[in-house]
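A.B. asks: fold the following for me, if possible:
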Amino acid sequence: MNRVLAPPEPITFYAHRGVCNYCRSPVFMARDPVTYQLAPNVCWCIACGQRYFVIIEGTLEEFDQMQWEQKAMLDIVEGRGSVH
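C.D. replies: Numbers count the residues shown, from 1 in each chain. The predicted model follows:
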């Protein structure tokens, strides 16, 4: 089902991704092409097109750093990284 025209909904992110409430596919957040800052109001499901937004607590920089730390921990747990 194509949900491109449905209104945006709030979503939470972990390790720079979310999960669509409708088709369970990955939801990603855009980055500004000039500054590379995350764009929390520009998120979408890669399968059905549902649009989302993330409510950020603190600064965008703090949120981005937390997401990278979560991603690093996932990589270690899933065996894609190593602890030195």
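A.B. asks: assign residue 3 to helix, strand or coil.
C.D. replies: Reducing the assignment at residue 3 to three states with DSSP: H, G, I helix; E, B strand; the rest coil gives coil.
A.B. asks: now the closest residue to it other than its chain neighbours: how far from residue 28?
C.D. replies: With sequence-adjacent residues excluded and distances taken as C-beta to C-beta, 6 or more residues apart in numbering, residue 3 is closest to residue 50, at 4.0 Å. For the C-beta atoms, the positions are set from N, CA and C on the backbone; glycine is no exception. As for residue 50, its distance to residue 28 is 12 Å (criterion: C-beta to C-beta, to the nearest Å).
A.B. asks: overlap of the contact sets of those two?
C.D. replies: Both residue 50 and residue 28 are contacted by residue 44, under the criterion C-beta atoms under 8 Å, 6 or more residues apart in numbering.
A.B. asks: settle it for me: which of those two has more neighbours?
C.D. replies: residue 50 (25 against 16; other C-beta atoms under 10 Å).
A.B. asks: might one say that the more buried one is in contact with residue 22?
C.D. replies: Yes. Using C-beta atoms under 8 Å, residue 50 makes contact with residue 22 at a distance of 5.7 Å.
A.B. asks: thanks a lot, see you next time.
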